[in-house]
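Visitor: below is the sequence, then the predicted model.
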Amino acid sequence: MKKKLIAGNWKMNGNTASNAALLQALVSASASLSGGASGGASGGASWACRAAVCVPAVYLAQARALVQGTALELGAQDVSAHAAGAYTGEVSAEMLQDLGCRLVIVGHSERRQYHGETDALVAAKAQKALAAGITPIVCVGETLAEHEAGATEDVVKRQLAAVIHTNGHCISEIVVAYEPVWAIGTGKTASPEMAQQVHAVLRAQLRAATPNADRVHILYGGSMNAANAAQLLSQPDVDGGLVGGASLKAPDFLSIIAAAG
Ligand code: PGA
């Protein structure tokens, strides 16, 4: 059985001092479980699940220095759809790879909403990440209006279809995150049953595209916290979480990691 994946999305939060404190708390919790700062014979594996932090690009180098050789994986929050060149302000997949990223979030609803990212652009970003050996965490999810109109399944299927269309040959290498937009940062979560229903739809769509669909992690995101994580994570197609607000506090993030064990 695949291990669950808990990924923290720090969004535009943090500074060098708070990042160091948060990462040190996470790393030392993991090291204490594995019986020492060296992380034991397995080189740092300590949690029963995979755990990652997706930090702002400017802090990737700082975070890398603190998490290298530990159980905590490093991720970014966005990647350019271009390889290199005259794209002021953008960060390429190769740069992320150079900085030790294993994961990158693409198509977060905040980028779709505030930066006009289309399904096609998100698919191109996922393609660049995959080509650099980085796992894209492809976010899909419906707005409140779409939810109320009963369009949830159509929306998430359309968003995932674009990524499958562009990346069909290696689609089993992606991670999908179902994040209902109305649940992000609002304190409202999808019920575990509601999340499972959408995850099952996404799984079926992946199955139609690859024989390895069961390997794909489908994460739930949207106000996941220490109190609701265990129930959400107990659903058969919920393979982990993409955690915003609660990933900024070490005890909360560690509780979610424990709930995924
Ligand atoms: P939240 O954010 O946990 O703060 O709702 C989740 C996300 O946007 O990835």
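Guide: Sure thing, it's come through.

Visitor: now the closest residue to the ligand within the chain: how far from T189?
Guide: Per Cβ to the nearest ligand atom, G244 is where the chain lies closest to the ligand, at 2.2 Å. From N, CA and C alone the C-beta is placed, and that goes for glycine too. Computed with Cβ to Cβ, to the nearest Å, the distance linking G244 and T189 is 12 Å.

Visitor: repeat for P136
Guide: Separation of P136 from T189 (Cβ to Cβ): 24 Å.

Visitor: quick one on the thing from earlier: what's the overlap in contacts for G244 and T189?
Guide: Both G244 and T189 are contacted by S223, under the criterion Cβ atoms under 8 Å, 6 or more residues apart in numbering.

Visitor: for the host helix or strand of R203, name the packing helices and strands.
Guide: Per DSSP states H and E, R203 falls inside helix 192-209. Secondary-structure packing of helix 192-209 (3 or more Cβ pairs under 8 Å, 6 or more residues apart in numbering; DSSP states H and E): helix 152-167, strand 175-178, strand 218-221, helix 229-233.

Visitor: chain center to the longest one: distance?
Guide: Taking Cα atoms, centre = their mean, to the nearest Å, one finds helix 152-167 lying 17 Å from the centre of the chain it belongs to.

Visitor: mind listing what's buried in that helix?
Guide: In terms of neighbour count (16 or more other Cβ atoms under 10 Å), helix 152-167 has its buried residues at 152, 155-157, 159-160, 162-164, 166-167.

Visitor: ditto for stretch 49-64
Guide: Residues of stretch 49-64 classed as buried by neighbour count (16+ other Cβ under 10 Å): 49-57, 59-60, 62-63.

Visitor: for stretch 121-140, same thing?
Guide: 121-130, 132, 134-140.

Visitor: next up, the contacts around the nearest residue to A162 once chain neighbours are set aside.
Guide: Excluding the flanking residues, the one nearest A162 by Cβ to Cβ, 6 or more residues apart in numbering is D119, at 3.6 Å. Going by Cβ under 8 Å, 6+ apart, D119 touches 107, 158-159, 161-163.

Visitor: please enumerate the helices of the stretch 51-200 of the chain.
Guide: Taking DSSP state H, counting those that start in this stretch to define them, one finds helices in the stretch 51-200 of the chain at 60-67, 93-98, 109-114, 119-131, 144-148, 152-167, 192-209.

Visitor: just curious, which of the contacts of D119 is nearest to D78?
Guide: Comparing those against D78 with Cβ to Cβ places G107 closest, at 9.2 Å.
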